[in-house]
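Q: below is the sequence, then the predicted model.
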Amino acid sequence: MASNLPAPTEQNEETDLLLRQVLADVLGLSAERIAELGDESGLFGHLPELDSMAVAGLLTELEDRLDIIIEDDDVDGEMLETFGSLRAFLNEKRGNG
Amino acid sequence: MLTGLWPSPSGSSEYALSFDRQREKRVLVIPALFEEGNKLRHFTVELMRRLDAGDIDCFLPDLPGTNESLEDLERQSLDSWRAAIDAAAHHFGATHVLTMRGGALVAPAHLSAMHYAPVAGSGLLRAMLRAQVMIASEQGRTETRDGLLASGLAEGLRLGGYDIGPQMIGELEAAKPAQDAEQIAQGDVGGGGLWLRAEPGHDPAQAQRLADIIMERLR
């Protein structure tokens, strides 16, 4: 039976941690800089180094580490715009997985 | 550090970076493929400096169609790269092979190999096709990975600025690193893999750690 309850908090925290880790690897940022990322922190379109090639690598790495599949249709500017929107997308994917 | 030429089976000469003092251990380094090769080149050369300091000769050949090569990348295949790498291994008298990421896909079968963070061809292709879909979308065109793959298999594709021929695309889909080689996982080296970086980067601590692991295994 489908549930409307939010995914367990433990999983949300894990997604948050993994996303920060992969962003640190992709952007080459220090742990301090990565810890400062908040829900509204801009990603694609805000960070010049995060071009299409880098985003494609980021999403592919997230697929592998979170054991999810991201479809072409899933990827749009909104989903990639902020740290919070990308994390929410990943949580939803994991919940459905 | 020296640059030198080696004869590739196609009849042309290709460049290699070498640290060669006729020492006992001679390692042929097979670079990462396509954009990952670009991201990892600085790291790879810094790794070689450390192997040299550890009394190990090492050689980094250009894959035909990449870097300084005058060959057409579009006409290359994993098979032609394997043949070229075999020729380089023979020319330099390699005793061991170290592969970086997708370089594992073209490693010669007859030499003892260490694979650093090996990746299947399908994984490389997935990321490159996804980037192409995103670039098309920024330009107002709708592409899908399946559609791009189908046209790539028929007539080749330009992916991330690399013109990849149909045979290479078909081979990448199926190619997997040999399982019997020694693996060096990124987790053993520590930190994030530099091929993931948005911009080519370098990490001296990672280069030293990887060199230490290789030297330990060659002992």
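A: That came through fine. Residues are numbered from 1 along each chain as shown, chains lettered A, B, ... in the order given.
Q: so for residue B:174, what's the nearest residue that isn't a sequence neighbour?
A: Excluding the flanking residues, the one nearest residue B:174 by Cβ to Cβ, 6 or more residues apart in numbering or on different chains is residue B:121, at 6.8 Å. For the C-beta atoms, the positions are set from N, CA and C on the backbone; glycine is no exception.
Q: phi, psi for residue B:93 please.
A: With angles defined as degrees, to the nearest 10, residue B:93 shows backbone torsions of phi 60, psi 40.
Q: right, I mislabeled it, should have said residue B:164
A: Main-chain torsions, residue B:164, degrees, to the nearest 10: phi -110, psi 120.
Q: thought it was touching residue B:151?
A: No - using Cβ atoms under 8 Å as the test, residue B:164 is too far from residue B:151 to be in contact (11.8 Å).
Q: between the two, which contacts overlap?
A: Taking Cβ atoms under 8 Å, 6 or more residues apart in numbering or on different chains as the contact definition, residue B:164 and residue B:151 share the neighbouring residues residue B:157.
Q: and whichever residue of chain A sits closest to chain B, what's its pLDDT?
A: Shortest chain A-to-chain B distance, computed as Cβ to the nearest Cβ: residue-wise this is residue A:25, at 2.8 Å. In this model, residue A:25 is scored at 90, pLDDT.
Q: same check on the one 3 residues further on?
A: Looking at residue A:28, its pLDDT stands at 85.
Q: same thing with residue A:11?
A: Here, the pLDDT recorded for residue A:11 equals 84.
Q: do residue A:1 as well
A: If you check residue A:1, the pLDDT there is 51.
Q: next: residue A:7.
A: 54.
Q: what strand or helix carries residue 64?
A: Looking at chain A here, since you left the chain open. Residue A:64 is located in helix A:52-66, with elements delineated by DSSP states H and E.
Q: which parts of chain A sit against chain B?
A: Selection of chain A residues close to chain B by Cβ under 8 Å from any Cβ of the partner chain yields A:21-22, A:24-28, A:49-61, A:64, A:72, A:75-76.
Q: cutoff 7 Å now
A: Selection of chain A residues close to chain B by Cβ under 7 Å from any Cβ of the partner chain yields A:24-28, A:49-57, A:59-61, A:72, A:75.
Q: now the strands: where do they sit in chain A?
A: Taking DSSP state E to define them, one finds no strands in chain A.
Q: apologies, that question was intended for chain B.
A: Along chain B, counting by DSSP E, strands occupy B:2-7, B:13-19, B:26-30, B:57-61, B:96-100, B:112-116, B:157-159, B:162-164, B:182-184.
Q: quick one, which of the ones you listed gets closest to chain A.
A: For the strands of chain B, distance to chain A was read as Cβ to the nearest Cβ. The smallest value, 9.7 Å, belongs to strand B:157-159.
Q: please list the residues of chain B that sit near chain A.
A: B:35, B:126-127, B:130-131, B:133-135, B:138, B:144-145, B:160, B:192-193, B:196-199, B:201.
Q: which of the residues you listed fall within helices?
A: When the residues of chain B next to chain A are checked against helices using DSSP state H, the ones located there are B:35, B:126-127, B:130-131, B:133-135, B:138, B:145.
Q: need the buried ones from the residues of chain B next to chain A selected in PyMOL.
A: Buried members of those, identified by 16 or more other Cβ atoms under 10 Å in any protein chain shown, are gathered into one PyMOL selection as follows:
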select buried, chain B and resi 35+126+127+130+131+133+134+135+145+160+192+193+196+197+198+201
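Q: low pLDDT regions in chain A?
A: Screening chain A residue by residue with the criterion pLDDT under 70, one finds the ranges A:1-8, A:96-97.
Q: circling back to that earlier point, spit out the contact partners of the residue nearest to residue B:174.
A: For residue B:121, the set of contacting residues under the criterion of Cβ atoms under 7 Å, 6 or more residues apart in numbering or on different chains consists of B:102, B:105, B:171-175.
Q: from residue B:121, how far off is the nearest residue to residue A:47 once chain neighbours are set aside?
A: Leaving out its chain neighbours, the residue that sits closest to residue A:47 by Cβ to Cβ, 6+ apart is residue A:27, at 7.0 Å. Remark: distance between residue A:27 and residue B:121 (Cβ to Cβ, to the nearest Å) = 26 Å.
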